[in-house]
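>>> prediction below, plus the sequence it came from.
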Amino acid sequence: DTAVSQTPKYLVTQMGNDKSIKCEQNLGHDTMYWYKQDSKKFLKIMFSYNNKELIINETVPNRFSPKSPDKAHLNLHINSLELGDSAVYFCASSQERIPNTGELFFGEGSRLTVL
Amino acid sequence: GQNIDQPTEMTATEGAIVQINCTYQTSGFNGLFWYQQHAGEAPTFLSYNVLDGLEEKGRFSSFLSRSKGYSYLLLKELQMKDSASYLCAVRSFHTGGFKTIFGAGTRLFVKA
């Protein structure tokens, strides 16, 4: 049983298109995240949701719109895709409440290639 | 702001010991993590320190000094499968909740 699952695993699309990535966690965690890992392997936080509420938005362009229908799901929709959006997008979840450490559990990643 | 520095690459020999250093600057510090990431895979949790000192977990140990903004990950009895990137990450508290940011990672090559 996969703890954090995201789909699709691979996305190849043209510039200007719109695409979505879905994420689900079955760990009962309150907090979910989207991270972007670029070609230099730098893992950068994009968004964080706690119990469906947005708590972190790291100055991501508004072409990126996260949606959390419930605390087990966090989806990412990207409009008007650009070449620079090519990256691996990781969904993660954590339990922040004490005594938990807040370690992140990552999904397998979704590799987006914009042509 | 927040900043995390760690070496870009390291090479070590199978069976040896390697220490990967990490320095950080942050406000609202609430813990330091080390993650391992093999090529093409997701990061996986290795260790967590929130108080000063050494945490040992099998072949892996992690040390934290909050006053110096410094941590290291120690890997003993290196195996070929330890070849991976090691990510230092700092969790901090800010309005609304916690945020975990990552260093650029240290690529470790283990040679026979």
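Perfect, I can see it now. Numbering: from 1, shown residues only, chains lettered A, B, ... in the order given.
>>> hmm, who's touching the helix or strand of chain A with the lowest mean pLDDT?
In chain A, the helix or strand scored least confidently by mean pLDDT, DSSP states H and E is strand A:53-57, which has a mean of 90. Surrounding strand A:53-57, the residues in contact under the criterion C-beta atoms under 8 Å, 6 or more residues apart in numbering or on different chains are A:31, A:33, A:45-49, A:66, A:68, B:94, B:96-97, B:99. (Each C-beta comes from the backbone N, C-alpha and C, glycine too.)
>>> one more time with 6 Å
Contact with strand A:53-57 is made by A:47-48, B:96-97, B:99, as judged by C-beta atoms under 6 Å, 6 or more residues apart in numbering or on different chains.
>>> same question for stretch B:73-88.
B:4, B:6, B:12, B:14, B:16-20, B:22, B:34-38, B:43, B:59-62, B:102-103, B:105-107, B:109-110.
>>> any of those residues buried? List them.
Members of these that pass the buried threshold by neighbour count (16 or more other C-beta atoms under 10 Å in any protein chain shown) are listed as B:4, B:6, B:12, B:18, B:20, B:22, B:34-37, B:43, B:60-62, B:102-103, B:105-107, B:110.
>>> among the residues you listed, which are located in strands?
Using DSSP state E, the members of these that fall within strands are B:4, B:12, B:18, B:20, B:22, B:34-37, B:60-62, B:102, B:106-107, B:110.
>>> and of those, the nearest to A:Leu76?
When those are compared for distance to A:Leu76 (C-beta to C-beta), B:Phe102 comes out closest, at 18.4 Å.
>>> what bridges to that closest one?
Under DSSP bridges, the beta-bridge partners of B:Phe102 are B:Ala89.
>>> who's in contact with it?
Residues in contact with B:Phe102 (C-beta under 6 Å, 6+ apart) are A:43, B:87, B:89.
>>> wait, isn't the first one in contact with A:Lys36?
So that's A:Leu43. No: assessed by C-beta atoms under 6 Å, A:Leu43 is found out of contact with A:Lys36, at 7.6 Å.
>>> looking at the two, which one has more neighbours?
Applying other C-beta atoms under 10 Å in any protein chain shown to A:Leu43 and A:Lys36 shows that A:Leu43 carries more neighbours, namely 25 against 20.
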